[in-house]
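Asker: sequence unknown, structure follows:
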C-alpha cells in the first residue's frame, strides 16, 4: 500500500512540476511600461533626439535654470535689498550665509547639474547614430548644456576666478563621459577652477561653432556666445567678453523690447531673449515665481523687496515701478507669471560690451556710453550725462538685471563685499554637499564647512 | 489510588441506592460563547459524582437527568477554557446556562499555519494567535490597530490620528533598509495587495478594506520555520487572517449596532495673545540690542507684521494711538480649529449556519465615522459570503467572496500647510474671520458684509480654507474572492486547488477652490482639480496536496506540497485641470485648462513550489522541515529563482516518563527552529538599466532613470529561534517564551553613489543587519468560578543593529540615519548643550576636535553624532478579563519604552520666537537675564538661536496607555427567550482612554506620515494625535 501512495504522490507532484516548467518563464516575463532598457535607449536617431530633450528637461528644472541657479546666489549676495520670509529653511540658510553642508537646495544644484551633464554625455556618446548634419547640431546642443552646467557649478562651489589662484583653487569635478555602471572610477576629484573654466570655454566655443542661428526653443549659436560673454566676464577676460557680446548684438536677431515690462512674463519669448527656458504647465518649472510672487500670482511670497533696493533707482526709472504689493510686502513683477524664464537678455549683452570696452579702453561695436544709454533709454531714463565710470555701468547692471541671478557673481568678480562679509569669505561659497563628500573620498570639502 | 477509587465507588453506590427512591430532576440549558453569545455545539458536560455526561445539540442545548443534590460539573470544549461548576439541584427542573470562555492558547486549539492547520501542542515554530472574538467590535477601522498590544513580538504603531491612515507593523523588528518592512498578509490563503496607493505622501491603509468582525482568527508566523513556506516574501513575518465560515446547525443571525464619539488624546498649549506679545516684544528688543540698533526699529518691524496679521491697521485708536490688538480682543486658539466633533456608528448583520452538506457565513456591515480632524471621515459598506458545499464524501467545493466600498475624505500630508494641524502655526492675534475680507478696493467697509476666512492675511496658508473650499474624496472598491475544491484522493491524501483574486480599484477626486490658491501649488487662484484612478489586479492560483498518516501508532507524518503562481498588475491614470467656474463645479469636465494627464502601468509575478513535512514520534518528538522555491519577475536576470528552506524540532518533555512525578508541571515543550526567508519587496524592475520618458517644451524626451544591476536579488534572512512553553498549576499559568536571532544579508540598499554619475543612488545587495530579541507571554487564570479573572501579559524586546552597510550612510526622515553598528534610523544630528546662562545663546557640543565636549554657538561647528534612537527597548501589553455572571470587563494596557521622538515641528513652534509661528507655552521659560538657567534660549526675532536641528528637539517617547476598556453585559437567556431573542450583549468600549508619558507633544504614538519609512522612524511634524474613542454597542442574536 505504501508503495501505491508513493506512486500517486510522485505522479501528482511530477505533473505539477511539469506545469511549472512549462509556464514558469512565461509567467516571469514582464517588462516595464514606462521605460525602455538602457541597451536599446540610444540606438535610433529618434531616441538620441529624445535623449537630448531629456537633457533639456533637466537643465530647465527648478534645481537649475528653473530657479536655483538664480535665486539662491541672489539670496547669498543680498545685504538688505530683500528679506527671505519663507518657511523653507534651506533658502533661509543661504540668505543667512550659514549654509549647512547638507542643505538640500544647494545639494540639489550639484546633483541636478551633474544629472544634466550625464544626460548630455549620453547624447554625445551616441552621435554616430545620427546623420552628419544633424549630428553637428545635436553635438552643439549637448555641449552647450554640459558647458552651462559646469559653469554654474564652478561659480558657486568653487572660489571666484579672481579669488586667489584659479589654477590652484579646487573647482568641481569635470565629467565628459556617460555613466555605464557605477564603480570606484566614479569617485572623481575636483578639477581646479581654471580647468573647469577651460572645459566650459571649450564646450561653449564648440557649441557656438556648431549651433545654428535659429533653433526653435533650443540653444542657438548666439545663446552659446551670450553665455561665453558671461564666462569671459567672470574670468576678467574683457576682450573676449566684448567679442562674444558684440557677436550677439551684431547678429541683429535680437532687439530690446520697447518697454522693460514687455521683456518679462510673455507667453512666448520676446526678441529680447537670447536664451530662455520654455515653461509650460505640462512640463515647466518656475521656482523664481514660486518664491518671488505673491499668492495672487501663484507664489509663496517668500522674498520681500525692501526699501534699500528701491533706493537704487533714479527718479523716473520705469524699472522702479516694476513692483507690486502682495502678501504684506513689495514684490518684483519680473517673476509673476508661469511663463518662459529668460536666461540671457540683450540688455545684459549691451552692459557686458559696455563694461568690457570701458575696462579695455576699446569701443568694439559701439562706445560704452551708447550701450549704457540704450539700456537707460528703454527704462524711460534720459541719456547718462555725467562722467562715465565703471561704477555707473555696474550700478546699471544692478537695477537692470536685479533678481536674475547675477548679484553674487558680479560682487565676487568686482571684489565687492556683501555687507560686512568680504567677497572671498568662505561663507559665500556653497559647501560641497555632505552626501557627496561621504560617497567620494577624493572630494575636498570647502573651507569653513566643518570636516 | 486504588483505595480512593474503591471508596468512591462505595459512596456512589450508597448515594445511588438512596436516590433510587428520590424523584429525578432535569438540569438543562444552553452553552454559549461568553463574548459572542453564540450557541456552542458538541460541548461536553460531565458530572463527576455520577460519572455521567452529555453533549450539547445543534442548538447548543443540553439536558441532564439527576437526583437532587450537589454535583461538580465539568464542562469542556475544544478551543475553550474548561469550566468547573458546583451545582445544587433541589427542585424538579433546573435551568442553567453556561458561558464558555474562548482560549486561543489551549493546547488542543487548532492553529492555522501556511497551507494547513496544526494543533497548538504540536507546533514547533513560533506562531501567535488571536481569535476574532477578542477583537470583535473594537472601534478602530483597521484590523492591525485592534491587535495592538495583544501579541508579543509584533510592534504596531499608527502614524498619525488621521482616519484610514497607515500603520507601521514590525514583526521582530525591521529586516530591511530599503525594501518593505511590512509583513505579508494572507487572507484565506491569498497574499493580498498591501501597497500604499495614495496620491500624496499620507499613505492609505489597505487593511481598512477588511471588516474585522468577519475574522475568525489571526495567526502571526514569526519564526523562519513557520514563515519559510512563504519563501521570498516571509522575512518580515506573515500574518494569516482566516475569516468566519459556516457551521452545521440552526442559522444564527446576529445584528450589532455600535455608536460613539472621539476626541484627540491630547491638546498642547500655545501662547495666547498676551503671552505672544510678551515674548515677541522681547524678541524684537533683543534683536535690536544684538544689532546695535534703537529698539524701536525692531518694535516697529514687529508691529508692522502684527498689524498685518491681526488686521490691526483698522484697529488703532485714533486718539491714543494704542493698538487694540494689545487688549487681547483677538485671542484665537487655532489648535481648537483643527479639530471637529467626531463620532461613529456601525450596523452589521450576519447569518451563519448550514446543513450537513452546505454551510455558509454571510455578513453585511455599514459604518460611518467622522474623524477628530476637520475634513476627515470614513464610510464603509462591506459584505461577505463564505460558502462550503460537500459534493460527495470525497469532494468539497466552496468560495469566499468579500466586497467592500470605502469612501474617505482624506487630508494632506503632515508637510502641507493645508493639513489641519499646521493651523497651530498661526499666531493667536490673527482672527479666524478677517474684517478685511469686508473691505472693497478702496479699503472702505462693505455694508452688511460678514467677514470671511482670509487667505492672504494669515502668517501661513489658512488651512481652514481647505475645510470650506476643497474636497479630497477617496473611494475604494475592493473585492477579494476565491473558489476552491478539496478532493480526498485517499483517506490520507487530500488535494486542494484554489483560484483567487484581489481586485482593488481606488479613485481619488481632489478639488481645491480658487480661495485655496496659497495652499495649493498650481492653483493660481482659479481652482484646481485632480482625478486619479488606480486599479490593482492580483490573481493567484495554487494547488497543494496534504498527506497524513500514522504508522505503527507512533510515527505521525504529514506532508504538504504544492505550487502557486501569482501575477499582479497595476494600472493608474491621472488628469489634472485648472480654472473652475465656481466651487459647485468640481469635476475636470468643467476645468478651463488641462494641466496634466498621465497613465501608467506595472506588473510583477511570482511562481513558486513549496513543501513541508511534519513528523512526530510518539507525540513527543516533533520535527518539521519546509522549503520553497520562488521565482519572480522582480529579480535580476542572473538570479531568477531563490530557495528558502527551514527546519524545526520540538520535544514535549512533560510527556516523558521521568516527568510523571513533577506534578506541578502540566505541560513542558522546548522547540527550536532555523531557516531562511526572503524579502522580495524591491520594486518591480529594480535590476535593469532603464531610460524613462520626460518632456521639454512639449517635445517628448527620454532620460536615464536607473543604472543596471543584473545581480540584484531578494534579501535573505536567516533566523534562529528557541522557545520554551510550559503550563503549571493545573494549566492555570501558561507561559510561552522565545529567543531569536535574525540575520539579514544581501540587504538591498539604495546605495548613495557620487552624483557626478548623474545618479544619486543605486539599488545593490550589500548590507547586513541583525535583530535579536526575547518574547515572553504569560496567560494566567487568577480566579476561577462564577467570578473569573484571567490575565495576559506579553513583553517583547528587539535589538536591531546594522552590522554592515558597505560603509554607506543612508539618510531618511529629518535626521534619521542608517549607520553601521547602530540600530536603524538613529537620530544623527548636533548635540544640544543647553543655554549659556551668561548670554542666553544656544550651545552645541563640538563633538569633534581635541576638546569634543567644548561647546559652540555656531551649529555648523558642532559635529553631528548619534543622539537618539527611535526604536523601543521593549513593548508589550497587559490584558485583564473579569467576568461575573453576565458581566465581563476587559482592560488592556499597552506600553512602549525606550524610544526617542524627534519633534521637528519644534523648530518652528518651540523656537523661542524665531518667526511668527505661534509658540508652545514652554517657550515662556526663556532666558531673560544673565544667570538664568533654562533650556529655552534667548528669543531674537528673525535670528536663529538654538533652532538648528539638534537633540534639543529629541524627546523620550515611552508611554503606557490604557488602550482598551470594554464593559459588557450579556442579558440572561431566560429573559431574552420570552421575546424570541437568543442572546443580547450590551457593551461600552473606550479606546486610548489614558496615556502616561513624559513626552510633551501631542501623542507619543507618532511617525509623521510623509517621512515614515524604514529609516524615517520616530518623527513628529504637526502630526495629529490619536483619537480617544468612547462607544456604546449592542449585539443581538436570534
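Answerer: That came through, no problem. For clarity, every value in this text was computed on a predicted model and none was experimentally measured. Numbering: from 1, shown residues only, chains lettered A, B, ... in the order given.
Asker: Averaged over its residues, which helix or strand of chain A has the lowest pLDDT?
Answerer: Lowest by mean pLDDT, DSSP states H and E among the helices and strands of chain A is helix A:2-28, with a mean of 59.
Asker: Tell me the strands beside the next helix-or-strand element following it, with direction?
Answerer: Downstream of helix A:2-28, the next assigned helix or strand under DSSP states H and E is strand A:35-37. Partners of strand A:35-37 in the sheet, by DSSP bridges, are strand B:690-696 (antiparallel).
Asker: ok now the strand it pairs with, how far from the chain's centre?
Answerer: 38 Å (CA atoms, centre = their mean, to the nearest Å).
Asker: ok, residues contacting it?
Answerer: Strand B:690-696 has contacts (CB atoms under 8 Å, 6 or more residues apart in numbering or on different chains) with A:32, A:34-38, A:41, A:47, A:51, A:53-54, A:56-58, A:60, A:278, A:282-283, B:700-706, B:708. For the C-beta atoms, the positions are set from N, CA and C on the backbone; glycine is no exception.
Asker: what's the answer for stretch A:155-165, then?
Answerer: A:72-73, A:106, A:109-110, A:166, A:169-172, A:190, A:193-194, A:196-197, A:234-236, A:408-409, A:412-413, A:415, A:423-424, A:429-430, A:432, A:446.
Asker: Type out the PyMOL command that picks the buried ones from those.
Answerer: Under the burial definition 16 or more other CB atoms under 10 Å in any protein chain shown, those of these that qualify are selected in PyMOL by:
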select buried, chain A and resi 72+73+106+109+110+166+169+170+171+172+190+193+194+196+197+234+235+408+409+412+413+423+429+430+432+446
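Asker: and the closest residue to residue A:128 other than its chain neighbours, how many neighbours does it have?
Answerer: Nearest residue to residue A:128, sequence neighbours excluded (CB to CB, 6 or more residues apart in numbering or on different chains): residue A:135, at 7.5 Å. Burial measure for residue A:135: 17 neighbouring residues, criterion other CB atoms under 10 Å in any protein chain shown.
Asker: Determine the three-state secondary structure at residue A:135.
Answerer: Using DSSP: H, G, I helix; E, B strand; the rest coil, the structure places residue A:135 in helix.
Asker: Pull out the buried members of the contacts of strand B:690-696.
Answerer: A:32, A:35-36, A:38, A:41, A:47, A:51, A:53-54, A:56-58, A:60, A:278, A:283, B:701-706, B:708.
Asker: Let me know the pLDDT of residue B:322.
Answerer: As predicted, residue B:322 sits at a pLDDT of 65.
Asker: what kind of secondary structure is whatever residue of the stretch 51-200 of chain A ends up closest to chain B in?
Answerer: Using CB to the nearest CB, residue A:118 is the residue of the stretch 51-200 of chain A that sits closest to chain B, at 2.4 Å. Counting by three-state DSSP, the backbone at residue A:118 sits in helix.
Asker: So it sits against residue B:757, correct?
Answerer: Yes - here residue A:118 reaches residue B:757: they are 6.4 Å apart, a contact under CB atoms under 8 Å.
Asker: what residues do those two have in common as contacts?
Answerer: In contact with both residue A:118 and residue B:757: A:175, A:179, using CB under 8 Å, 6+ apart.
Asker: what about the strands in the stretch 451-600 of chain B?
Answerer: Using DSSP state E, counting those that start in this stretch, the strands of the stretch 451-600 of chain B run over B:452-453, B:470-490, B:493-512, B:528-551, B:555-578, B:593-617.
Asker: Direction included, what does the longest one pair up with?
Answerer: The strands that strand B:593-617 pairs with in its sheet are strand B:555-578 (antiparallel), strand B:621-632 (antiparallel) (by DSSP bridges).
Asker: Centre of the chain to the longest one, how far?
Answerer: Computed by CA atoms, centre = their mean, the chain-centroid distance of strand B:555-578 equals 22 Å.
Asker: Next, the buried residues of it.
Answerer: B:556-570, B:572, B:574-578.
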